[in-house]
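Student: Take this sequence and fold it.
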Amino acid sequence: MPHKLTFNPKRITSFLGVATLALLANSCGHTEASPSRAPAGMDVVMKAIHSYGSGHAGLLSPGSSAKPDEPDELYSPRIKNLLVQEDFAQLEKIAHQNRIEKGRLLGGVWKTVGFYNGTGMPVFVGMPNDSDYADQIAREKRWIAANPDSTAARLSLAYLYLNYANLARGPGVADTVTDSQWGLFYDRTSQAKALLLEASVLKEKDPFWFHTMQLVAHNEGWDQHDARELFDEAVAFEPSYYHYYREYARYLLPEWYGNPGDVLAFAKETQKRVPEPNGSILYFRIVSALVCYCKPELEDLPKVDYLTFRRGYDNVSRFEGTADLNANRLAFMATIVRDKPSAREAFAAIKSMDKWTWQEEEVFNDAREWANSD
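Tutor: Presented below is the predicted three-dimensional model:
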C-alpha cells in the first residue's frame, strides 16, 4: 500500500516529507532525555530486581476469562475515592484481589495499573500543584502507618513521587529545565526508588513493582544493559503484563534512550518469540508507542508490519473488548497506510478523540473525513 497521507494536503503532506520535518519541533507531549545521571547503588537495586520474582513463575495468557466491560476512566476514580475516604482496608482487599485474579479493564489495561492510576495521582482541579501532592502524600503515609507491611501503600506512594517528579521537571525539552527543577526531579525519583527497595522485601509481590522500577530507570537514565535486564526480569515474573513491553518501548524511543528503528526491532523480536495470539497482541501494544502525530520516529511507521498490527488489534478486541484508545490507534495507523475500510471501522468505534494520538482536533477530523469518504 502507498504510505502517504493525501486526504488533506493542507494539513498533512507527504508522510516522509514536509510534514515529518514540521513534527520534529516540539509539538509532542514527550520530551527528550534528561541529562545523564548515574544512579546510585545500582548493585543494591539490581540485586532487588533479581530477587523480587524468585520463586514466582507467571504464565502467558491472551486475556481475561471473561471479556471486561469496565473502562479505566471509571475504575481509577473509584479507587481514588476510596483513598480520599481513607478506606485502607478496602484498598488492601482490592490490591490483593488484583494480584490473584490478574483482572483486566476494557481494552486490556490491567486492573493493577488502573488501581495505581487511582492512588498515584493527587486529587486536583485544573492542574495539580504542590499542595495537592502534599495532601496525597500525607494520606498515603497514613495508609502505610495503618498497614506497615502493605505493598500496595508503598507502591502507591512511590508512583505518586514519580508523578510529582514529572511535575517538577515540567513538559519542556531537557535544555529548558532549570537546575533546581532537575534537583527536585531526581530527589523525588530517589524517594520512589527507596520505597521500592522497602517494598522488595515484603511478603506480597506485585507486578506493578517492576513497572514502577522501569519508571525509575527511565528517569535516572539507566544504561541499555540494565534497562533490558530489568525488563527481562519483569517479563519472567508476569509475561502477560503488557505494560512492561510498552514501558520498555518508550525507553527505546529516539527522543529518550534509543535510536530510530529500535522499537520496531523490539516489536518484531517479541512477535517472533511469542506464539499467537499473544505475539500479535504484544506487537500491537509495542508498536502503539509510535502511533502519534508528533514524533521524529514517525518515519518508522511505514515500516510497521501492518497486517500483524491489525491482527493484534483484532485479538485484543476479541479477548478484552474494544477500547477507545485502541480504536484511536488503529484509526491513525490505518490512515497512515491508507487502509480505508479499517480506518472507517475504527472511527465508528471511537467515542472521543485521543489527544495524545492525534495532537490536534483538525488532524483527527481530516482523517475521519477521509475514512468516511467514497
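Student: list the contacts for Lys351?
Tutor: Asp324 (C-beta atoms under 8 Å, 6 or more residues apart in numbering). From N, CA and C alone the C-beta is placed, and that goes for glycine too.
Student: Mind pulling up the pLDDT for it?
Tutor: Listed pLDDT for Lys351 reads 94.
Student: Against Leu106, how distant is it?
Tutor: The gap separating Lys351 from Leu106 is 11 Å, by C-beta to C-beta, to the nearest Å.
Student: next SSE after whichever strand or helix holds His225?
Tutor: Using DSSP states H and E, His225 sits in helix 224-237. Using DSSP H and E, the helix or strand that follows helix 224-237 towards the C-terminus is helix 243-251.
Student: and that following helix, what's its mean pLDDT?
Tutor: 97.
Student: counting contacts, what elements does that helix pack onto?
Tutor: Contacts defined by 3 or more C-beta pairs under 8 Å, 6 or more residues apart in numbering; DSSP states H and E place helix 243-251 against helix 207-220, helix 224-237, helix 262-273, helix 278-287.
Student: Now render these as TSV, adding distance to Gln97, mean neighbour count and mean pLDDT.
Tutor: Output for those, formatted as TSV (distance: least, C-beta to C-beta, whole Å; neighbours: other C-beta atoms under 10 Å; pLDDT from 0 to 100):
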stretch	distance to Gln97	mean neighbour count	mean pLDDT
helix 207-220	14	24	98
helix 224-237	19	17	97
helix 262-273	29	18	96
helix 278-287	24	25	96
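Student: Looking at these, spot the one closest to Asn166.
Tutor: Among those, helix 207-220 comes nearest to Asn166, with 8.4 Å by C-beta to C-beta.
Student: what angle sits between the closest one and helix 224-237?
Tutor: Helix 207-220 runs at 170 degrees relative to helix 224-237, counting by axes from the mean of the first three to the mean of the last three C-alpha atoms, to 10 degrees.
Student: which strands and helices sit next to helix 207-220?
Tutor: On a contact count with 3+ C-beta pairs under 8 Å, 6+ apart, helix 207-220 meets helix 42-52, helix 111-119, helix 151-169, helix 179-199, helix 224-237, helix 243-251.
Student: Pull the distance from the last one to the chain's centre.
Tutor: This means helix 243-251. Counting by C-alpha atoms, centre = their mean, to the nearest Å, helix 243-251 is centred 7 Å from the centre of its parent chain.
Student: Not counting its own residues, what contacts that helix?
Tutor: Contact partners of helix 243-251, identified using C-beta under 8 Å, 6+ apart, comprise 110, 113, 210-211, 214-215, 217-218, 227-228, 231, 234-235, 238, 256-258, 263, 266-267, 270, 282, 285-286, 288-289.
Student: so what's Arg228 closest to, chain neighbours aside?
Tutor: Distances taken as C-beta to C-beta, 6 or more residues apart in numbering place Tyr248 nearest to Arg228, at 7.7 Å, with adjacent residues excluded.
Student: okay if I get the helices and strands packed on helix 207-220 as JSON lines plus distance to Tyr313?
Tutor: As requested, the helices and strands packed on helix 207-220 are arranged in JSON lines below (distance: least, C-beta to C-beta, whole Å):
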{"stretch": "helix 42-52", "distance to Tyr313": "32"}
{"stretch": "helix 111-119", "distance to Tyr313": "19"}
{"stretch": "helix 151-169", "distance to Tyr313": "28"}
{"stretch": "helix 179-199", "distance to Tyr313": "33"}
{"stretch": "helix 224-237", "distance to Tyr313": "22"}
{"stretch": "helix 243-251", "distance to Tyr313": "15"}
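Student: Figure out which of these is closest to Phe332.
Tutor: Nearest to Phe332 among the helices and strands packed on helix 207-220 is helix 243-251; the distance by C-beta to C-beta comes to 16.2 Å.
Student: burial of Phe115, as a residue count?
Tutor: By the measure other C-beta atoms under 10 Å, the count of residues near Phe115 is 28.
Student: Surely it touches Arg78?
Tutor: No. Using C-beta atoms under 8 Å, Phe115 and Arg78 do not qualify as a contacting pair, with a distance of 9.8 Å.
Student: Tell me who's in contact with Phe347.
Tutor: Ala327, Ala331, Ala367, Arg368, Ala371, Asn372 are the contacts of Phe347 under C-beta under 8 Å, 6+ apart.
Student: secondary structure element for it?
Tutor: Counting by DSSP H and E, the element that carries Phe347 is helix 340-349.
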